[in-house]
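J.: 3D model of this:
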Amino acid sequence: MKFNEELKRYMDLIGCSATELSKETGISNAAISRYLSGKREPELSSDYFTKLSDALFKLANEKSLNIKKSEIVNNFEESIIASKNSYDFEDFVGNFKQLQEGLGLSNVSMGKALGYDASYISRIKKAERKPFDIDDFLDRISNYVVGNYSTSEKKRIIAGIIDCKPDELKESDRYKNKINNWLLERHTDYNEIIHGFLKKLDDFSIDDYINEDFGKLKVPTSPIILRGSKTYYGVEGRKASEEEFIKITFLSKSDEPIFFYNDLPMEKAAEDEKFKKRYVLAMSMLLKKGLHLNMIHNIDRPMTEMIMGMEGWFPMYMTGSISPYYFPKKPSEMFCTSHMTSGSVALSGECLSNNQERGRFYVTTKKEDLPYFKAKSKYMLKKAKPLMVIYTADREEEFQKFIESEDDGTLKNINGDVFKNMDFTVSRKWVAINKKLSPEIHFVIYNEKLGNAIRTYLMG
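T.: Numbering: from 1, shown residues only. Next up is the predicted model:
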């Protein structure tokens, strides 16, 4: 019997609803729903596994039902183990290949790390042979990863590969379970997502964009400009504050670079289609005015959301007017923040990470405020890392020198057969997307999460 079926059986026996179980365990209704639908299973010996077992036993005891806690635990364990033993081999092979590529290990190195011959690893990757004992094979992999990727920096590499937060890898047992479960689970087909992303980039023409879209934009004028400061609240206040910041920047005579950082949740703002269109239009207008944008992206998001965000930004990247960065670690888990500065205005906002409506956003043009906020922007940029370095056509010689200096024998040049305007240069540290037409431009991607996804797609 599957775990979700066992969970339903005990809930029916006890007469317990999903809401009651959520209240008793402290596990969210959404998580309980995923367990019941079979989309998720708790990790063995995890907090969630223990909470579910304890709660069901307590509820059964309160109703004087003769159900032993050991019985619940044993049945749950057997169902989860049985689920592992009936794993989809193709899913496992794809995940194993992605992990090996992300770690930058050859078949020989991977075999040595796990105690197998390189030919055995090769046959597994070609789906020609299943591991004799999948649990032992998984343990060897997770023991190797946990033992060799234990520093904060290396855990971020693993988190990027398996698409989780580094904080989820703090405890060794949970770290191992995370690796083991990830290897057996069916994940979003990132290859398909990456293919769609690269195909759009391949087809994109900056000349068409400038002539058809960018060229039609007109910087507006307005007699109404904020003088002093203003405070906004909630989701609507967030949108209003960002529009106010952009409007003032439009109309300012300053040509200072703009700084953007925003790790606020996107869901609520993204529901407003009109706001999204106004926002993209406004960003394009800032660039048309000739202002340079230093943008720190929030990459602490699922891969699907991250790629969708990249698709929106790449057309503007190709103007050469944006320098994209990211923080290796999110500054705060308790609060989400927004920080923007330009030559004449600053926006500073925050909300509770679990409640967007409890947000406060301060927009100011006060001369006594601006130096502080600009200094904060410079400090944040120093702490950020380049998401990518963009070499436009006028920097071709500089790009070639970079390639020569980085060629340590591991570089690979890949011509994507499905792409007519792009090829790729791949190293263990970065991936370069070389767009040959409209006009020539190179995106050297350093971020592990995005780089590993593209690298895996290209190299299989």
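
J.: can we go C-alpha only for contacts and neighbour counts from here?
T.: Fine.

J.: Domain map for this protein?
T.: The chain is divided into the following domains under automatic domain parsing: 3-85, 89-184, 218-385, 387-460.

J.: Figure out which of those is closest to residue 194.
T.: Distances from residue 194 to each of the domains of the chain were compared using C-alpha to C-alpha; the shortest belongs to domain 387-460, at 6.5 Å.

J.: Please compute how far the closest one lies from its chain's middle.
T.: With C-alpha atoms, centre = their mean, to the nearest Å as the basis, domain 387-460 stands 20 Å off its chain's centre.

J.: what's the average pLDDT for it?
T.: For domain 387-460, the per-residue pLDDT values average out at 85.

J.: residues making contact with the host helix or strand of residue 120?
T.: Following DSSP states H and E, one finds residue 120 within helix 118-125. Residues external to helix 118-125 that are found in contact with it (C-alpha atoms under 8 Å, 6 or more residues apart in numbering): 93-94, 96-97, 107-112, 129-131.

J.: Mind putting those residues into a markdown table with neighbour count?
T.: Shown next, in a markdown table, are these (neighbours: other C-alpha atoms under 10 Å):
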| residue | neighbour count |
| --- | --- |
| 93 | 18 |
| 94 | 20 |
| 96 | 20 |
| 97 | 20 |
| 107 | 19 |
| 108 | 15 |
| 109 | 16 |
| 110 | 20 |
| 111 | 17 |
| 112 | 13 |
| 129 | 13 |
| 130 | 16 |
| 131 | 14 |
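
J.: Could you point out the helix or strand that follows the helix or strand of the chain with the lowest mean pLDDT?
T.: The weakest-scoring helix or strand in the chain, judged by mean pLDDT, DSSP states H and E, is helix 267-270 (a mean of 61). Sequence-wise, the next helix or strand beyond helix 267-270 is helix 273-288, with elements assigned using DSSP H and E.

J.: Tell me how far that next one lies from the chain's centre.
T.: With C-alpha atoms, centre = their mean as the basis, the mean position of helix 273-288 lies at 23 Å from the chain mean.

J.: Give me the average confidence score over that helix.
T.: Model confidence over helix 273-288 averages 77 on the pLDDT scale.

J.: So for it, what gets flagged as buried?
T.: 279, 282, 284-288 (16 or more other C-alpha atoms under 10 Å).

J.: ok now the helix or strand that that helix is followed by, how far from the chain's centre?
T.: Counting by DSSP H and E, the element after helix 273-288 in chain order, helix or strand, is strand 293-297. Relative to its parent chain, strand 293-297 has a centroid offset of 16 Å by C-alpha atoms, centre = their mean.

J.: what are the pairing partners of strand 293-297, and which direction each?
T.: Its sheet considered, strand 293-297 pairs with strand 258-262 (parallel), strand 322-326 (parallel) by DSSP bridges.

J.: what about these, which gets the closest to residue 87?
T.: Taking C-alpha to C-alpha, strand 322-326 is the member of those nearest to residue 87, at 36.1 Å.

J.: So what's the model's average confidence on the closest one?
T.: Strand 322-326 shows an average pLDDT of 90 in the prediction.

J.: tell me the pLDDT at the most far-flung residue of the chain relative to its centre?
T.: With C-alpha atoms, centre = their mean as the measure, the chain has its most outlying C-alpha, relative to the mean C-alpha position, at residue 64: 47.1 Å. Each residue has a pLDDT score; the one for residue 64 is 88.

J.: one step back: to residue 203, which of the domains of the chain lies closest?
T.: Each of those was scored for nearness to residue 203 using C-alpha to C-alpha, and the closest is domain 387-460 (7.6 Å).

J.: still on that earlier bit, right, so of the strands paired with strand 293-297, which gets closest to residue 181?
T.: Across the strands paired with strand 293-297, residue 181 has its closest neighbour in strand 322-326 (28.3 Å, C-alpha to C-alpha).

J.: Not counting its own residues, what contacts that closest one?
T.: Counting by C-alpha under 8 Å, 6+ apart, the neighbours of strand 322-326 from elsewhere in the structure are 292-299, 316-317, 381, 384-390.

J.: ok, the residue nearest to residue 6 when sequence neighbours are not counted to residue 41 distance?
T.: Leaving out its chain neighbours, the residue that sits closest to residue 6 by C-alpha to C-alpha, 6 or more residues apart in numbering is residue 76, at 6.9 Å. Counting by C-alpha to C-alpha, to the nearest Å, the gap between residue 76 and residue 41 amounts to 10 Å.

J.: Nice, that's everything, thank you.
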